[in-house]
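Participant: Make a model of this:
(2 chains)
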Amino acid sequence: MKPVGKLKRNVKAYLFLAPALILAGLFCWFPAFKGLVGSVLTISSSNQVKGFAGLSNFRILFSDKAFWNSLMVTLTFILFFVPVNTFVTLLAASLTRRKSRLSFIPEYIFFAPVAISLSAFSLLFREMFRGTASVANRILGTDLAWITDAPGAMATLVIIGVFLDLGIDYIILMCAFRSEDKNVIEAARMDGAGGWRLFFQVELPMIRETVLVTVFLALKDAILICAPVIILTEGGPFRSTETVMFYYYTEAFRSGNRAVQNSLSTLVLVLAALAMVIFGRTRRKK
Amino acid sequence: MKRTPFDTFKFILRKVLLTVLAAAVLFPLFYMFSSSLFSSGDFNNVSILPSKAVWENYARVFGHRYFFTYIFNSVGTSVLAAIIRTAVVVLAAFALTHLRFCGRKAVLMALVLTLFVPQEAVLYQNYRTTAALGLLDTWAGIICTSLFSAAQMLLMMGAFHAVGTESYDSARIDGASDMRYITSVLVPLTTPVVMTVALQTLITVFNNYLWPLLVTDRPRSRTIQIGITMLGFAESGRTGAQMAALVLISAPFLLILAFSKKGIERALVRR
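Facilitator: Below is the predicted model:
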């Protein structure tokens, strides 16, 4: 082919790619790069560069008690949220994995939370878990202060988290169960495997991949949780629900703390990359 | 296989478990509807059902000076974002699957690796960029970070691969331009995937909370997800109206879900 034709072909291809490349550059690579560079510079709260900082920004971050607190809060949240979420969604999906005449009713109920937005759920639960004279206490027969009490506030966040992820996780898992090879299940049943054994030794292992995906999604959501904290607890009581992302949000946007904002942003980027690589490895190994 | 009493017991146990779980998931939704008709006395008494349906709660929401502005902003931004993002993704996926050019691998890499950068980690930098572009308090500012998705581009590329390039070659011989080929052959052949991408974007942008909170300041430019937390009903003792507002923004999606559930299942269940 003539060189002119080749040039024209290249220009055309890049015209098609231009919007995607500009958007990815402007709102992904540029800010990520700026965060990385900013994490080794001293920057004033009005964004003036004052000089090279080396690792002192990270030293500032690591010496902030509030940072370690937010890390512990996020870890606690993960510790409760991920297992509870996996258990509940798996339970819902396995109880409805066989199609029957009336199964559309529970299917719709478990899927319905998808329709409710994050802020709607947060506001709804803020009302339902409001102190001791709350609907939650009346229904559960408990006498907890919920949002104004440290463990109660964490429990409320976990419950909201489960409701936010339930719908999508449920539909993914339920459809995975229904995609299973019916012949394999029949064969196992012929061999006398029934009930529990059939479920735990045949059906569940067949959707292991999908379960892993939902666990990974739950983990990602747990690490990045922030908005429900803003609406529900503002990090309180006594910073007991101040997650890492909420800490980032307050430091970056309310206190203008550039050292913390840039170093934390870099830390999250590195961890995210690491998590993706690990996830890719485990999936490929199988 | 014959049913033993133990089998019957397990059957009942399963049904009971299912009922309890379904009731637990349903209750908050039920309470949302029920309490949207509460008087303030019902809230004080911690009722489950309204003593007398107070429809006025809904009238209050409709009478709120910004409620429809919030809805308008939300619908406008999410529809706009869905159209633009779908177009961006389709164009990029087309170039990467149908055209041969220098640096194809590098471009693909640069776009796919954006998956490694969570938006939350670059929140502040993006805020500064948006402010520098003068996009604060505008629709463009609300959607600018949601106009490209590498995950959706990969999905689109998979669909385009399945179509293959034979029809492209013959269309080229017939003298059809690339744009024409995309709009009249490629997109019609991959409509389910294109619609999925558009719908996904619509819902994501409509439900966005953190980003619109940061880039909007004037009530006039807020979306409903932000606005609904700032209606001021709960603070002035009109919690019923707050609940009515929640019902109003959730009900349309609950209806859409009821109609689209079959289609979503069909897309997800492989046979």
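Participant: CA atoms of the worst-scoring helix or strand of chain B on mean pLDDT as PDB?
Facilitator: When the helices and strands of chain B are compared on mean pLDDT, DSSP states H and E, helix B:40-44 comes out lowest with a mean of 81. What follows is the C-alpha trace of helix B:40-44 in PDB, where atoms were taken according to Å, rounded to 0.1, in the frame of the first residue of the first chain:
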ATOM      1  CA  SER B  40     -45.900  12.600  62.500                       C
ATOM      2  CA  GLY B  41     -47.800  10.900  65.300                       C
ATOM      3  CA  ASP B  42     -47.300   7.500  63.600                       C
ATOM      4  CA  PHE B  43     -43.600   8.100  63.600                       C
ATOM      5  CA  ASN B  44     -43.600   8.900  67.300                       C
END
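Participant: How far off centre is that helix?
Facilitator: A distance of 34 Å separates the centroid of the chain from that of helix B:40-44, by Cα atoms, centre = their mean, to the nearest Å.
Participant: So for that helix, what gets flagged as buried?
Facilitator: Burial within helix B:40-44, assessed by neighbour count using 16 or more other Cβ atoms under 10 Å in any protein chain shown, is assigned to B:42-43. The C-beta positions use only the backbone N, C-alpha and C, and glycine is treated the same way.
Participant: Not counting its own residues, what contacts the next helix or strand after it?
Facilitator: Next along the chain after helix B:40-44, taking DSSP states H and E as the criterion, comes helix B:56-63. Judged by Cβ atoms under 8 Å, 6 or more residues apart in numbering or on different chains, the contacts made with helix B:56-63 from elsewhere in the structure are B:36-38, B:67, B:231, B:233, B:238, B:240-241, B:243-245, B:248.
Participant: Check stretch A:204-218 too.
Facilitator: With contacts defined as Cβ under 8 Å, 6+ apart, stretch A:204-218 is touched by A:81-82, A:85-86, A:89-90, A:94, A:165, A:168-169, A:172-173, A:176-177, A:180-181, A:184, A:279, A:282-283, A:286.
Participant: Now do whichever residue of the stretch 101-250 of chain B sits closest to chain A: how many residues are near it, please.
Facilitator: Checking the stretch 101-250 of chain B residue by residue against chain A with Cβ to the nearest Cβ singles out residue B:125 as nearest, at 3.2 Å. If you count neighbours by other Cβ atoms under 10 Å in any protein chain shown, residue B:125 ends up with 22.
Participant: Could you report the pLDDT at it?
Facilitator: Turning to residue B:125, the model gives it a pLDDT of 91.
Participant: Test for you: state the pLDDT assigned to the residue lying closest to it once chain neighbours are set aside.
Facilitator: Counting by Cβ to Cβ, 6 or more residues apart in numbering or on different chains, residue B:125 lies nearest to residue A:31, which is 3.2 Å off, once chain neighbours are set aside. We note a pLDDT of 92 for residue A:31 in this prediction.
Participant: Contacts only, for residue A:31.
Facilitator: B:122, B:125-126, B:129.
Participant: Considering the residues you listed, which possesses the most neighbours?
Facilitator: Using other Cβ under 10 Å as the neighbour test, the contacts of residue A:31 are led by residue B:122, with 24 neighbours.
Participant: That one and residue B:129, how far apart?
Facilitator: Noted for residue B:122: a distance of 9 Å to residue B:129, by Cβ to Cβ, to the nearest Å.
Participant: Pull up the overlap in contacts between the two.
Facilitator: Common neighbours of residue B:122 and residue B:129, counting by Cβ under 8 Å, 6+ apart, are A:27, A:31.
Participant: With secondary structure added, can I get the contacts of residue A:31 in JSON lines?
Facilitator: Converted to JSON lines, the contacts of residue A:31 look like this (DSSP: H, G, I helix; E, B strand; the rest coil):
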{"residue": "B:122", "secondary structure": "helix"}
{"residue": "B:125", "secondary structure": "helix"}
{"residue": "B:126", "secondary structure": "helix"}
{"residue": "B:129", "secondary structure": "helix"}
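Participant: can these go into CSV with extra columns for distance to residue B:51?
Facilitator: Putting the contacts of residue A:31 into CSV (distance: Cβ to Cβ, whole Å) gives the following:
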residue, distance to residue B:51
B:122, 50
B:125, 52
B:126, 49
B:129, 53
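Participant: Show which residues not belonging to the least confident helix or strand of chain B make contact with it.
Facilitator: Contact partners of helix B:40-44, identified using Cβ under 8 Å, 6+ apart, comprise A:133, B:35, B:50-51, B:237-240.
Participant: Over to stretch B:125-142?
Facilitator: Contacts made with stretch B:125-142 from outside it, assessed by Cβ under 8 Å, 6+ apart, are listed as A:26-27, A:30-32, A:34-35, A:47, A:253, A:265, B:73, B:76-77, B:80, B:119, B:144-145, B:205, B:208, B:211-212, B:214-218, B:220-221, B:223.
Participant: Can you turn the buried part of those into a PyMOL selection?
Facilitator: Here the buried members of the contacts of stretch B:125-142 are turned into a PyMOL selection, burial being counted by 16+ other Cβ under 10 Å:
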select buried, (chain A and resi 26+27+31+32+34+35+265) or (chain B and resi 73+77+80+119+144+145+205+208+211+212+214+215+216+221+223)
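Participant: Same list, the contacts of stretch A:204-218, but only the ones touching chain B.
Facilitator: The subset of those within reach of chain B, counting by Cβ under 8 Å from any Cβ of the partner chain, consists of A:172, A:176.
Participant: From the contacts of stretch A:204-218, which land in helices?
Facilitator: Within the contacts of stretch A:204-218, membership in helices is found for A:81-82, A:85-86, A:89-90, A:94, A:165, A:168-169, A:172-173, A:176-177, A:184, A:279, A:282-283, as judged by DSSP state H.
Participant: follow-up on the earlier one: please, which helix or strand holds the residue nearest to residue B:125?
Facilitator: Secondary-structure assignment from DSSP H and E places residue A:31 in helix A:30-38.
Participant: tell me what the next helix or strand after that helix is packed against?
Facilitator: Per DSSP H and E, helix A:30-38 leads on to strand A:41-43 as the next helix or strand towards the C-terminus. Judged by 3 or more Cβ pairs under 8 Å, 6 or more residues apart in numbering or on different chains; DSSP states H and E, the packing partners of strand A:41-43 are strand A:49-52, helix A:56-62, helix A:258-285.
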